[in-house]
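Student: whatever this is, show me its structure:
(chains A and B)
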Amino acid sequence: MFHKVLIANRGEIAVRVIRACREMGIRSVAVYSEADRASLHVQMADEAAPIGPAPAAESYLRMDAIIQAAHRTGAEAVHPGYGFLAENAQFARRAAEAGLVFIGPTASALELVGDKVRARQTMEKAGIPIIPGMKSSAGTAEEFKAAARAIGYPVIVKASAGGGGKGMRVVGREADLVPALEAGRREAQSAFGDETVYLEKYIEEPRHVEFQVLADTHGRTVHLFERECSIQRRHQKIIEETPSPALDASLRAEMGETARRAMEAAGYTNAGTVEFLLDRNRRFYFLEVNARLQVEHPVTELTTGVDLVRQQILVAAGERLAFSQDDVRQRGHALECRIYAEDPERDFLPSPGKIRLLREPKGPGVRLDSGIYAGWDVPVFYDPILAKLVVWAEDRERACRRMAAALEETVILGIKTPLAFLRDIVTHEAFLAGRTNTAFLKAHFDDWAARPSDPDGLRLALAAAAFAETEARSKPRRGGDGRTRETAPTPWASLGPWRLGGA
Amino acid sequence: MEFEYLVDGVVRKISVVAENGLHILRDGEAELRAEILPLSEEELFLSTDGRSHRVFVLRDEDRTVVFHGGREYVLVHPRRADGAAYRGEEGGTEGGVVKAPMPGKVIKVLVAEGEAVRKNQTLLIVEAMKMENEIKAGRECSVRKVHVAVGDLVDASRTLIELE
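Tutor: Numbering: from 1, shown residues only, chains lettered A, B, ... in the order given. The predicted model follows:
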């Protein structure tokens, strides 16, 4: 086993990996940019090494600086976390060449699953269902019509050079196909300078269901069941859960076995996730492989009892998985809410800044994976994720209630967070009924605003504010230099704007 | 003592008196009798009608933010006697001045001084926390002055562009 592991990441995920290392008796090395000098992960690690200026391109993405830091500190392995260099095949290769163990899949597996076209071909060859579509573009309208008939309506016109929704058109019947092709081509031409379009099956209101897989280097691959991640904003997940309300035992077994086979086909080792789209008729399609530990991994940990980060480290050290597929069981229900520094009332505008107050939720079945503390300045340079609130309970209904209560208990002041927004989602009737899909937020929460103040709660707030103001007024002011002019200050003496406002 | 706060755009006038260890708040017809104890710099213990709460209070020059029962109450201080004005919402395009809605880096300036702009036209793009945020014109007008250039790091509320 390793003696020392470097964590090439920051924030809550670095903290999570440091905790796993500590429990395994492995020393941890944090790396940090200039903006993260005082970050929680830096405080928690056994050692910390600076790797450059604030922008990620000059620090957390600098392979040479990270490899040097590993050599300097004597680390034998690198855990990449998620994001940054986690799915970078070149980094995995360079780390290996530098004599470091990359805690993740091999460079060649990363290359394969990172190339969408090759991944799709590999999966199709292995008999994994993929979204039906044209293999290449066609010339004439008749060829497109034939292709659409073979795929089955509704189809979607997509730009070959595409992305960002440009050139996309959903077509429900043949009569609308030709005008959609023309419009799609015009849009593709003006957006990308390339009018090539192709057709794919359009999946209506799909659910996003993914399967966690673990594979050791001795040929054993097991899946650890699904996570449903349909609640998304700006194509980013905000609530994840397991089990999925959409699966029954037979569909779960079928999808799990498919995920397992997909990873075997890709020659994948360590922890990874196979993403599927699930349509309304319970047909599922391979989407992609996430070749990393995922943000939402805790819900799997809480329901299976498997510590995924520990398993990653064991597999990277060459050990065999100590359990087989039949040993893995799902127990109860887990939900995760992502707490970002953002304002849900203003189109999720990022909200960096100083955290002035933090109270963490507690209680049975409540877990908070967090990278923040009161007094810390959330930097503007990185992903806005602050923490993940995860709950476990015996069933979905109890898990939703537990989550609502834990969200209500959580206090983060100083910056904007979606705590109230998340609470409104997990108490929404459609969510409670399990009617979740990727269009859920658009359908139910498009114009969300915090509920207006209730009169009793507001009156209590007014009383508290007035009391605080009275206390502040009755005490001598502090000088601008921070010196207090009284001998025995009460806490309220320092509440005035002269201190907090100027901080 | 009398207090005045602006809550959700409405002025609330209240009075508070201390009596036998209780604080009595009068808000129009309504009355609230509470036992209040300071716990720390930002925390109060507040008990009323047999129900006890832990209440968080953050005071700034222009506003007091109170948090209890899972929700935040923003109580804006009215214009102060010494002339310090209410800051208002940070960012936005009110009053002909476009301010940064959050700290970030200017990655694109899409308009030039003297240029006429349409309502909702993107004026510039500010990147923060890995996301590009388009700053748009709130109305049809023209650009008087551009205060920033590509690559500038800006703080929240920094003036980016003046419109007329």
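Student: show me where pLDDT drops low in chain A?
Tutor: With pLDDT under 70 as the threshold, chain A has low-confidence stretches at A:162-165, A:476-503.
Student: give me the residue at the spatial middle of it.
Tutor: residue A:295 (3.8 Å; Cα atoms, centre = their mean).
Student: any stretches of chain B with poor pLDDT?
Tutor: In chain B (pLDDT under 70), the answer is B:79-95.
Student: just want the residue of it that's nearest chain A.
Tutor: Relative to chain A, the nearest point of chain B is residue B:70 (3.3 Å; Cβ to the nearest Cβ). Any C-beta I mention is one placed from the backbone N, CA and C, and that applies to glycine too.
Student: correct me if wrong: that residue contacts residue A:409.
Tutor: Yes. Counting by Cβ atoms under 8 Å, residue A:409 is a contact partner of residue B:70 at 7.3 Å.
Student: the residue in the stretch 51-200 of chain A that chain B sits nearest to: what's it in contact with?
Tutor: As assessed by Cβ to the nearest Cβ, chain B sits closest to residue A:56 within the stretch 51-200 of chain A, at 8.2 Å. Contact analysis of residue A:56 by Cβ atoms under 8 Å, 6 or more residues apart in numbering or on different chains lists A:33, A:84, A:381-382.
Student: which one of those sits closest to residue A:360?
Tutor: residue A:382 (21.3 Å; Cβ to Cβ).
Student: and the closest one, that one's in a helix?
Tutor: No. Applying DSSP: H, G, I helix; E, B strand; the rest coil, one finds residue A:382 to be coil, outside a helix.
Student: do I have it right that it meets residue B:127?
Tutor: No. With contacts counted by Cβ under 8 Å, residue A:382 stays clear of residue B:127, the gap being 11.6 Å.
Student: comparing those two, which residue is more hemmed in?
Tutor: residue A:382 (23 against 16; other Cβ atoms under 10 Å in any protein chain shown).
Student: where's the more buried one relative to chain B, distance?
Tutor: Distance, residue A:382 to chain B, using Cβ to the nearest Cβ, to the nearest Å: 6 Å.
Student: show me where the stretch 351-500 of chain A has its strands.
Tutor: All strands of the stretch 351-500 of chain A, identified by DSSP state E, counting those that start in this stretch, fall at A:353-354, A:357-359, A:366-370, A:377-378, A:385-393, A:411-413.
Student: what helix or strand is the residue nearest to residue B:37 when sequence neighbours are not counted located in?
Tutor: Excluding the flanking residues, the one nearest residue B:37 by Cβ to Cβ, 6 or more residues apart in numbering or on different chains is residue B:45, at 4.3 Å. According to DSSP states H and E, residue B:45 maps onto strand B:43-48.
Student: what are the buried residues along the helix or strand residue A:118 falls within?
Tutor: For residue A:118, the element it lies in under DSSP H and E is helix A:116-125. For helix A:116-125, the neighbour count (16 or more other Cβ atoms under 10 Å in any protein chain shown) marks A:119-120, A:122-123 as buried.
Student: for the nearest residue to residue A:58 once chain neighbours are set aside, give me its contacts.
Tutor: Spatial nearest neighbour of residue A:58, excluding adjacent residues (Cβ to Cβ, 6+ apart): residue A:52 at 4.6 Å. Residue A:52 makes contact with A:33-34, A:58-59, A:62, A:65, according to Cβ under 8 Å, 6+ apart.
Student: ok, now residue A:10?
Tutor: A:31-33, A:36, A:39, A:41, A:60, A:81, A:371, A:382.
Student: could the residues you listed go into a markdown table alongside secondary structure and distance to residue B:3?
Tutor: Formatted as a markdown table, the contacts of residue A:10 follow (DSSP: H, G, I helix; E, B strand; the rest coil; distance: Cβ to Cβ, whole Å):
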| residue | secondary structure | distance to residue B:3 |
| --- | --- | --- |
| A:31 | strand | 50 |
| A:32 | strand | 45 |
| A:33 | strand | 45 |
| A:36 | helix | 41 |
| A:39 | coil | 40 |
| A:41 | helix | 43 |
| A:60 | coil | 48 |
| A:81 | coil | 49 |
| A:371 | coil | 38 |
| A:382 | coil | 41 |
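Student: which segments of the chain make up each domain?
Tutor: As the question left the chain open, I've gone with chain A. Annotated domains of chain A cover A:4-103, A:104-131+A:204-331, A:141-201, A:332-451, A:466-500 [automatic domain parsing].
Student: ah, no, chain B please
Tutor: B:2-76, B:94-163.
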